[in-house]
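Peer 1: Sequence first, predicted model second:
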Amino acid sequence: MDPAAVADQMTQLDGSAVPGQTAPVGPPPPAQPPAPPAQPPAQPPVGGVDYAAYAPTAAGFPSQAPPPPPGAPVGPYDPVPGGGYPAPDAHGYNGGGYNYQQQPGYYPGAPVPTAPKQRNPVMLWGGIIGGVLAIAIVIGLVVLLKPSPKPAPNPGPVANSSGSTGVGGDNGGTNVSPAPDTNTGGKATFNVAWSAPAPSNTDVSNQLLGIWGTDKYAVRVDGDGVKAYNLTDGRPAWNVPVPSGSKEVCSASYTSNSKNIAAVAFNTGDYDCSTIGAIDLTQGKLLWTVKATADRLSQPTLSVTDNVVVVGGNAVAGLNVSTGQPAWQYQPRDKDCTMRARAAGSQIAISDRCYMTSGPKSQLVIVNADSGKPVSTPITLTGTIEQVDSVVQDKPLVLLITNGPQGDYILPFDKDNKPGTQMSVKEPGADSLRLTGQDTANTKNVVSGSTLYVQVNPTKPAINAYDLNTGKRLWAASPGTGSGSDIRIVAGTDKDGKVRAVVSQGYDKPARLVTLSPTDGSMTDIGTIANPNGKYDLETSTSAYFVSDDGNAVYAFRRSSSTDGPLTKWRK
């Protein structure tokens, strides 16, 4: 059984129809970071790159302030005596706070007339937009994936030794000839175009960390490295393995920039992920690596603009996107302050905790990614260890804050970065909402306008909608009661700002691709999605779904290494 599904089962809302809020309990423990995989076998340099030449030689910015004076309290938000940050414990905590798997952001459709199109925060399947990418929703999964203008001729099924259609010979993926669209009522049928081959490492702990894309490639990031697949046929295009001296990739930027540059953090041992690298997605090349700080970063969040790679954790800085050299460093407001930062898109949310200061003990500030300068008035935090947990959406900004005086809460901002009304993540009779952020490659929530859409409990699957202005639940949409039925939110929104979902109808039936009405959650069919092998379900609990900008293709990225392959494409 998928570990993430089990976690959902235990922690998400049960679909209760009782609206409203209550004082939330403390945050559920986050997922434990994956164990470092075995060092992959030596591989030839990719694109002629000699990784030894990229061994970090200097810190991208200096070490942060020293630990607090003797007697100062030490907690999950504070420095560990003796310096450095330990490996996470059984609950995923360490001196730097939570350790989350890399993922993306969210912003879907709201009950407003013809909302502007929201691009997929994880993959903008459509053109490169100049300047800063205004992303709309998820999972780290990243971007600029465009549908091929003229699909290459389909060579037809490839038979394997057992005679069934599957990965065979030196063909990188399974090519299935599309069947005629026999669906009635004008609805489309999405047939399997290809499935990328399963990786050699099928360890379930090798989790999806990020998704990027270009007009030619779909790019997957996991602990083993960065792998690209051709959009036309699913064949492997290039691979950037973990460089010498590093054990694994531990996080990835939510998106790439307009020049197809993205970023990753490498674990060099003891969960020290302070070595940052830039990846050119057009060439499939590691451009540079640099040790960004002398402090240990257990799992930093990363963001890439056209100018800088931003590193957010217990240290915060910008690195020149072309060279990796320091562009700016964010200084804590006092020498005895510790920080927790979450980077996404063009902004970074930074919370701190300070000692020996006359000002607030803790506060939250929003910082511009290119300049490193604050763009908001500091917000005082009053909880004992209150801090920013994740960026749910970057524009407009929506944050998840943990350990507030009344428990965890969602904090929305307007376009001018002025905070709105806090919304509790817990409602009567249900457990806390488990939200994914833009540092997570698996989409469980999307924001559009002033509405937050959240995927909840797999034992009683549903998508709930909440008004961010009031915190009230608006409606819940469920897939039905049939055996194997499930519903999974799709990253991003359609051109009208509506949220989409994949509805599984059972193990031997095709799934439905639907839009959800922003007013009542009613479903409108877009079409059916064929099962990849004709008889099993779509592994909805282990996949992150995306739809191309033109609506003609559906993609499913497997959240862990799988014998069924890491990526499948369906096309009308």
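Peer 2: Structure's in. What do you need?
Peer 1: Quick check: next helix or strand after the host helix or strand of F190?
Peer 2: Assigning secondary structure by DSSP states H and E places F190 in strand 188-195. As assigned by DSSP H and E, the chain's next helix or strand after strand 188-195 is strand 208-213.
Peer 1: helices or strands up against that following strand?
Peer 2: strand 217-222, strand 248-252, strand 261-267, strand 543-547, strand 553-558 (3 or more C-beta pairs under 8 Å, 6 or more residues apart in numbering; DSSP states H and E). Heads up, the C-betas are built off the backbone N, CA and C, glycines and all.
Peer 1: what do you get if the cut-off is 10 Å, keeping everything else the same?
Peer 2: strand 217-222, strand 225-230, strand 248-252, strand 261-267, strand 543-547, strand 553-558 (3 or more C-beta pairs under 10 Å, 6 or more residues apart in numbering; DSSP states H and E).
Peer 1: Let me know the angle separating it from strand 217-222.
Peer 2: 170 degrees (axes from the mean of the first three to the mean of the last three C-alpha atoms, to 10 degrees).
Peer 1: Output strand 208-213 as PDB, restricted to C-alpha atoms.
Peer 2: Presented in PDB, the C-alpha positions along strand 208-213 are these (Å, rounded to 0.1, in the frame of the first residue of the first chain):
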ATOM      1  CA  LEU A 208       9.300  12.300  -6.400                       C
ATOM      2  CA  LEU A 209      10.800  15.600  -5.500                       C
ATOM      3  CA  GLY A 210      10.000  17.800  -8.400                       C
ATOM      4  CA  ILE A 211       8.500  18.100 -11.900                       C
ATOM      5  CA  TRP A 212       9.800  20.400 -14.600                       C
ATOM      6  CA  GLY A 213       9.300  20.700 -18.300                       C
END
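Peer 1: between that strand and strand 553-558, how big is the angle?
Peer 2: Going by the same axes, to 10 degrees, strand 208-213 makes 160 degrees with strand 553-558.
Peer 1: Looking at the helices and strands packed on strand 208-213, which is nearest to R473?
Peer 2: strand 543-547 (23.4 Å; C-beta to C-beta).
Peer 1: Give me the mean pLDDT for the closest one.
Peer 2: Mean pLDDT, strand 543-547: 92.
Peer 1: in the stretch 201-350 of the chain, which ranges drop under the pLDDT threshold?
Peer 2: Applying pLDDT under 70 to the stretch 201-350 of the chain flags residues 201-204.
Peer 1: if we can go back for a sec, I'd like the helices and strands packed on strand 208-213 as CSV, with distance to L516 appended.
Peer 2: CSV is the format used below for the helices and strands packed on strand 208-213 (distance: least, C-beta to C-beta, whole Å):
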stretch, distance to L516
strand 217-222, 25
strand 225-230, 29
strand 248-252, 29
strand 261-267, 30
strand 543-547, 13
strand 553-558, 16
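Peer 1: Of those, flag the one that's most buried.
Peer 2: strand 248-252 (a mean of 29; mean count of other C-beta atoms under 10 Å).
Peer 1: That one - contacts with which helices or strands?
Peer 2: Using 3+ C-beta pairs under 10 Å, 6+ apart, strand 248-252 sits against strand 208-213, strand 217-222, strand 225-230, strand 261-267, strand 275-280, strand 301-304.
Peer 1: Show me what the longest one is packed against.
Peer 2: Think strand 261-267. strand 208-213, strand 217-222, strand 225-230, strand 248-252, strand 275-280, strand 285-291, strand 301-304, strand 308-312.
Peer 1: give me that answer again for 8 Å
Peer 2: strand 208-213, strand 248-252, strand 275-280, strand 301-304.
Peer 1: Let me have these in a markdown table, extended by distance to S362.
Peer 2: Formatted as a markdown table, the helices and strands packed on strand 261-267 follow (distance: least, C-beta to C-beta, whole Å):
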| stretch | distance to S362 |
| --- | --- |
| strand 208-213 | 29 |
| strand 248-252 | 24 |
| strand 275-280 | 27 |
| strand 301-304 | 19 |
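Peer 1: out of those, nearest to I526?
Peer 2: strand 208-213 (21.1 Å).
Peer 1: Phi, psi for T540 please.
Peer 2: With angles defined as degrees, to the nearest 10, T540 sits at phi -60, psi -30.
Peer 1: ok, it to K498 distance?
Peer 2: According to C-beta to C-beta, to the nearest Å, T540 and K498 sit 20 Å apart.
Peer 1: which parts of stretch 413-426 are buried?
Peer 2: F413, N417, P419, G420, M423, S424, V425, K426 (16 or more other C-beta atoms under 10 Å).
Peer 1: Kindly provide the distance from the third one to V365.
Peer 2: So that's P419. P419 is 11 Å from V365, by C-beta to C-beta.
Peer 1: cool, and the second one?
Peer 2: Distance, N417 to V365, by C-beta to C-beta: 10 Å.
Peer 1: Please enumerate the shared neighbours of these two.
Peer 2: Common contact partners of N417 and V365 (C-beta atoms under 8 Å, 6 or more residues apart in numbering): S376.
Peer 1: got the buried residues for stretch 505-517?
Peer 2: Neighbour-count burial for stretch 505-517 [16+ other C-beta under 10 Å]: Q505, P510, A511, R512, L513, V514, T515, L516, S517.
Peer 1: Span of it from start to end?
Peer 2: 20 Å (C-alpha to C-alpha, to the nearest Å).
Peer 1: Quick one: mean pLDDT for it?
Peer 2: If you average the pLDDT over stretch 505-517, you get 87.
Peer 1: which residues are in contact with that stretch?
Peer 2: 189-190, 453, 463, 465, 477, 479-480, 482-485, 490, 494, 498-504, 522-531, 535-538, 540, 547, 554.
Peer 1: Now the buried residues of stretch 505-517 in CSV, please, with extra columns for distance to I279.
Peer 2: What follows is the buried residues of stretch 505-517, written out as CSV (distance: C-beta to C-beta, whole Å):
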residue, distance to I279
Q505, 39
P510, 36
A511, 33
R512, 36
L513, 31
V514, 35
T515, 34
L516, 35
S517, 39
